[in-house]
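> 3D, please:
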Amino acid sequence: MRIEKLAPARWLAPILLPLLAACGPTDPGGALRALGEFQNGLITFYDATGAGNCSFEPSPGNLDVAAMNIGQYENSAVCGSCVEIEGPKGNLRVRIVDSCPDCPTKGHLDLSRSAFAKIADPVAGRVDVRWRLVTCDVQGPVRYHIQDGSSQWHTAIQVLNHRLPVTKLEYWKNGAWVNVNRKDYNYFVEPAGMGSGSIKVRVTASDGQTLEDTLPGANSNATYDGAAQFKAG
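Modelled structure (predicted):
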């Protein structure tokens, strides 16, 4: 339980993440395995708001959320993904919204207080569970948020409302797709910008599905709906 640990503050994550990534996780292994494949883990809880290192807005109306252990956070590749947890009191689907720098063990999920209480007794503090990656129960198409401060000279895009984990974002430039680097705070960033006018993008899901959309432009703090959603598979 977070209040029982000497936990580093969330604001230290930008400093700790690169250092811990360089050292490697205590028990290495990626989270983006096949959907439905269970792995052993444990759960704790903290004062989650729905915001965190994934750069999502707080979600007070839905706190079925969790932070992923540092080894499986995978430079934000799991942000927005959903996992189903089997706990002593039942099953619960949560959305990954944060990383947990002080959770070095593979399989560790740090839940919101309310989410933890739905599947285990909070008095226990730390509970062994099984969990698996599942599709997110989202409505409508994939969405794109242009980071505040973006422009044609420096463009950062966040993918939202995706049913499956997003592994890649590219944009069309000079007749070819250009891969955009993903930062650990869950934005795909093109330091030189994506130019003026509309931006054609392609996003790839963990199972290889792709979606193509054309955004009106690199307009600071704007959010756009895509044309479609990934299929459940």
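
> Please point out which parts of whichever strand in the chain runs longest sit buried.
What stands out as the longest strand in the chain, according to DSSP state E, is strand 90-100. Within strand 90-100, the residues scored as buried using 16 or more other Cβ atoms under 10 Å are L92, V94, R95, I96, V97, D98, S99, C100. The C-beta positions use only the backbone N, C-alpha and C, and glycine is treated the same way.

> In a markdown table, list the residues you listed along with distance to Q139.
Below are the buried residues of strand 90-100 laid out as a markdown table (distance: Cβ to Cβ, whole Å):
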| residue | distance to Q139 |
| --- | --- |
| L92 | 19 |
| V94 | 18 |
| R95 | 14 |
| I96 | 19 |
| V97 | 18 |
| D98 | 23 |
| S99 | 26 |
| C100 | 28 |
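
> Looking at those, which is nearest S150?
Within the buried residues of strand 90-100, proximity to S150 (Cβ to Cβ) peaks at V97, which comes in at 21.6 Å.

> List the contacts of the residue nearest in space to the middle of the chain.
The chain has C79 as the residue nearest its centroid, 0.4 Å off, counting by Cα atoms, centre = their mean. In this structure, C79 makes contact with N53, C54, S55, F56, I96, V97, N186, judged by Cβ atoms under 8 Å, 6 or more residues apart in numbering.

> Could I get the full set of helices for this protein?
Using DSSP state H, the helices of the chain run over residues 13-23, 70-73, 113-119.

> In terms of mean pLDDT, which of the ones you listed ranks lowest?
When mean pLDDT is averaged over each of those, helix 13-23 scores lowest at a mean of 40.

> which secondary element of the protein has the worst mean pLDDT?
Among the helical and strand segments of the chain, the one scoring lowest on mean pLDDT, DSSP states H and E is helix 13-23, with a mean of 40.

> S59 against G80, yeah?
No - with contact defined as Cβ atoms under 8 Å, S59 does not reach G80; the gap is 11.8 Å.

> Neighbour count: these two, which is higher?
Set S59 next to G80 and count neighbours by other Cβ atoms under 10 Å: G80 wins out with 23 against 16.

> Report the separation between E74 and S206.
11 Å (Cβ to Cβ, to the nearest Å).

> What's the local residue count around the residue nearest to L164 when sequence neighbours are not counted?
Counting by Cβ to Cβ, 6 or more residues apart in numbering, A205 is the residue found nearest to L164 once chain neighbours are left out, at 3.9 Å. By the other Cβ under 10 Å criterion, the neighbourhood of A205 contains 20 residues.

> Could I get the contacting residues of A205?
Taking Cβ under 8 Å, 6+ apart, we find A205 in contact with H162, R163, L164, P165, V166, T167, L211, F230.

> which one of the residues you listed has the most neighbours?
Neighbour count (other Cβ under 10 Å) singles out L164 as the most crowded of these, with 28 neighbours.

> Is it in contact with Q209, as I believe?
Yes - proximity of L164 to Q209 meets the contact threshold set by Cβ under 8 Å, at 6.9 Å.

> distance of the residue nearest to L164 from A115?
According to Cβ to Cβ, A205 stands 25 Å off from A115.

> Next: L92.
Computed as Cβ to Cβ, the L92 to A115 distance reads 6 Å.

> Common neighbours of the two, please.
Looking at what touches both L92 and A115 (by Cβ under 8 Å, 6+ apart), the common residues are D64.

> Break this structure into its domains for me.
Structural domains of the chain, as assigned by automatic domain parsing, span the residue ranges 2-134, 143-225.
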